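Chemist: build me a structure from this.
(chains A, B, C and D)
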Protein chains: 2
Amino acid sequence: MTATPTTSDAADAPDADWLRLDRQICFSLHAASRAFNGVYRVILKDLGLTYPQYLVMLVLWEQGDLPVKRLGEELRLDSGTLSPLVKRLEGAGLVRRERSAEDERSVRVHLTGEGVALRERALEVPRRIMTATGFALDEIVELRARLDQLTTALDAAARAEARGGR
Amino acid sequence: MTATPTTSDAADAPDADWLRLDRQICFSLHAASRAFNGVYRVILKDLGLTYPQYLVMLVLWEQGDLPVKRLGEELRLDSGTLSPLVKRLEGAGLVRRERSAEDERSVRVHLTGEGVALRERALEVPRRIMTATGFALDEIVELRARLDQLTTALDAAARAEARGGR
DNA sequence: AGCCATTTAGTTGTGCACAACTAAATTGTG
DNA sequence: CACAATTTAGTTGTGCACAACTAAATGGCT
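Modeler: Numbering: from 1, shown residues only, chains lettered A, B, ... in the order given. Okay, the predicted model is just below:
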């Protein structure tokens, strides 16, 4: 925004400006994510769930019992995150973990009666979140589309960077 | 999106639909945040920095030496996160921590020569990130504005929820 | 059958986020 | 001045994210 002596072309601004801009972009996303997390934290406290635990329960409510592998695919999380998380859900009595009979490697996560029952109390959560955002439904949907687009591009780029480097 | 027997008013869809929508919204933001983090992780590995450490360095490069308190305000982080993070930066030789003489409570974070020097190598980071997003500059700026708007609303709502509850 | 690569969970270690708390210095007030 | 409230860092404990690794089961191949 400020006048820059080095160059006047917006697409090729001085590095220092890019660095300042970068601070604003990456910080914005980071902050938004944590702010969202904070709202969910407050609202979900009633249910005794954390935000990632809520995500797991949403998938189970929607799709029924699943092996840990499938849960990880749905949520883009690996076993290092899911294993202890699911154990905590089991400790809370919301799910059971059962080794599959056909494939002994696989562990299927089942909702307990208590886990199914919790869904009733969760039904009010989305509306409270919507209200908290102050956004209209179509704005949310559009933002979501853009974020998904971003995620797809970033995932591809991360893989490319990891491979080719530089 | 599917036909719903219970009601036909979009603004008052059945709770189950809202729950499914919620899963999509909160997951999108969560995933985008982690995807962004992943790209930064790969790119910053060369510099020996994590994403939050990079944020701290950006603030210091931009604003010069600051007390921990001010850093926390800039980044929306508390001492529980910043104290160990800054110590790791100190361990890496990038900053020094010094108790203020005027106010013994305050600890000022100073860039070392090495910390200042690292800025040169960081100058290429923003362009690589921009490329990774696949977004044009104006798209990024617009997304950023929307995210900031979201953060502001969410922070206010979290405070309101924490107080008034329900 | 015997062997090897793959798949699936889990474990370990590091770092971040945040709540709840402590300790020390400072400020305000009677 | 004395004392209570506030400010500033730091510590502790819990949970998430992810890399790197292990262990066990499976499937394919010769």
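Chemist: what does chain A put close to DNA strand D?
Modeler: A:50-53, A:76-81, A:84-85, A:88, A:102-105 (CB under 7 Å from any atom of the strand). The way it works is simple: take the backbone N, C-alpha and C, and place the C-beta from them, glycine included.
Chemist: out of these, which are close to chain B?
Modeler: Residues of those in contact with chain B (CB under 8 Å from any CB of the partner chain): A:51-52, A:76.
Chemist: tell me which of those fall in helices.
Modeler: Members of these lying in helices (criterion: DSSP state H): A:51-52.
Chemist: please indicate which of the ones next to chain B among the residues of chain A next to DNA strand D are buried?
Modeler: Using 16 or more other CB atoms under 10 Å in any protein chain shown as the burial test, those include A:51-52 as buried.
Chemist: any chance of the ones next to chain B among the residues of chain A next to DNA strand D in a markdown table, with pLDDT too?
Modeler: Formatted as a markdown table, those follow (pLDDT from 0 to 100):
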| residue | pLDDT |
| --- | --- |
| A:Y51 | 94 |
| A:P52 | 96 |
| A:R76 | 93 |
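Chemist: all helices of chain A, in order?
Modeler: Using DSSP H, helices in chain A cover A:15-44, A:51-63, A:68-75, A:79-91, A:113-122, A:125-133, A:137-164.
Chemist: give me the below-cutoff pLDDT ranges for chain A.
Modeler: A:1-13, A:162-166 (pLDDT under 70).
Chemist: and it, which of its residues are near DNA strand C?
Modeler: So chain A meets DNA strand C at A:30, A:34, A:37-38, A:41, A:67-69, A:72, A:79-80, A:82-84, A:86, A:97, A:103, A:105-108 (CB under 7 Å from any atom of the strand).
Chemist: at 6 Å instead, please
Modeler: Contacts of chain A with DNA strand C, taken as CB under 6 Å from any atom of the strand, map to A:34, A:37-38, A:67-69, A:79-80, A:83, A:97, A:105-107.
Chemist: so who does the nearest residue to A:V42 once chain neighbours are set aside touch?
Modeler: Nearest non-adjacent residue to A:V42, counting by CB to CB, 6 or more residues apart in numbering or on different chains: B:E161, 4.4 Å away. When contacts are counted by CB atoms under 8 Å, 6 or more residues apart in numbering or on different chains, B:E161 touches A:39, A:42-43, A:128, A:132.
Chemist: what do you get if the cut-off is 10 Å, keeping everything else the same?
Modeler: Contact analysis of B:E161 by CB atoms under 10 Å, 6 or more residues apart in numbering or on different chains lists A:38-39, A:41-43, A:45, A:128, A:131-132.
Chemist: nearest to B:E114, of the residues you listed?
Modeler: A:G38 (34.9 Å; CB to CB).
Chemist: what comes up buried for stretch A:50-66?
Modeler: Buried residues in stretch A:50-66, counting neighbours by 16+ other CB under 10 Å, are found at A:50-61, A:66.
Chemist: ugh, wrong one, I meant stretch A:16-23
Modeler: In stretch A:16-23, the ones that count as buried by 16+ other CB under 10 Å are A:17-23.
Chemist: circling back to that earlier point, mind putting the ones next to chain B among the residues of chain A next to DNA strand D into CSV with distance to B:A157?
Modeler: Converted to CSV, those look like this (distance: CB to CB, whole Å):
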residue, distance to B:A157
A:Y51, 15
A:P52, 20
A:R76, 26
